[in-house]
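Q: below are the sequence and a predicted model for it; my questions follow.
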Amino acid sequence: LSPCCIVGKDRIIFATKEDHETPSSAELVADDPDDPYEEQGLILPNGDINWNCPCLGGMASGPCGEQFKSAFSCFHYSTEEIKGSDCVDQFRAMQECMQKYPDLYPQEDENEEKEKSNKDLEATPMDASAAKEEKGSS
């Protein structure tokens, strides 16, 4: 493969016809079950949080990743009788961060309200005055 250009941290490579005709020399390696980055669920065998778990939907990265990790860790390791009741400050910081990025972290309440109002508009029958006008004009 011949490199073409370096753009920022990326290197653009073009493959030639010859590159594609040559058999691959890649070797497949068996998965290591002890690899903490493999998809092992949310909690790793040692009890740590698997921040790479797809179940987190990418929340551990992005502009509020650190706040999310702090709040989620606090909740996970909380020993309070009401689990997580000692994590209010961390969850507040996470929420405040998320509100700064509404396109990345849409608020469920806002979306549910918008969907509800759209459905209400679609399902609203004509009001009585509009119905009378239509009858009168025919």
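A: Structure's in. What do you need?
Q: please list all residues in contact with Met98.
A: Listed by CB atoms under 8 Å, 6 or more residues apart in numbering, the contact partners of Met98 are Cys64, Gln67, Leu104, Tyr105, Gln107. Every C-beta, even on glycine, is put in place using the N, C-alpha and C of the backbone.
Q: can I get these in TSV with pLDDT?
A: Below are the contacts of Met98 laid out as TSV (pLDDT from 0 to 100):
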residue	pLDDT
Cys64	95
Gln67	96
Leu104	86
Tyr105	85
Gln107	76
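Q: which one of those sits closest to Asp10?
A: Leu104 (22.5 Å; CB to CB).
Q: ramachandran angles for Gln67?
A: Main-chain dihedrals, Gln67, degrees, to the nearest 10: phi -70, psi -40.
Q: I'd like the list of the contacts of Met98 that fall within strands, please.
A: Among the contacts of Met98, none falls in strands (DSSP state E).
Q: which one of the residues you listed is nearest Pro23?
A: Distance to Pro23, by CB to CB, is smallest for Leu104 among the contacts of Met98, at 42.9 Å.
Q: my read: that closest one touches Gly62, true?
A: Yes - Leu104 is in contact with Gly62 according to CB atoms under 8 Å; the separation is 6.3 Å.
Q: higher neighbour count, these two?
A: Gly62 (15 against 11; other CB atoms under 10 Å).
Q: low-confidence bits of the protein, can you list those?
A: Residue ranges of the chain with pLDDT under 70: 1-4, 25-39, 108-138.
Q: for it, which segments count as strands?
A: All strands of the chain, identified by DSSP E, fall at 2-7, 10-14.
Q: mind putting these in CSV, distance to His76 included?
A: CSV is the format used below for the strands of the chain (distance: least, CB to CB, whole Å):
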stretch, distance to His76
strand 2-7, 39
strand 10-14, 35
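Q: which one, of the ones you listed, ends up nearest to Cys97?
A: strand 10-14 (28.1 Å).
Q: pairing partners for that closest one, with directions?
A: Looking at strand 10-14 with DSSP bridges, its partner strands are strand 2-7 (antiparallel).
Q: measure Val7 to Ile13 for me?
A: 11 Å (CB to CB, to the nearest Å).
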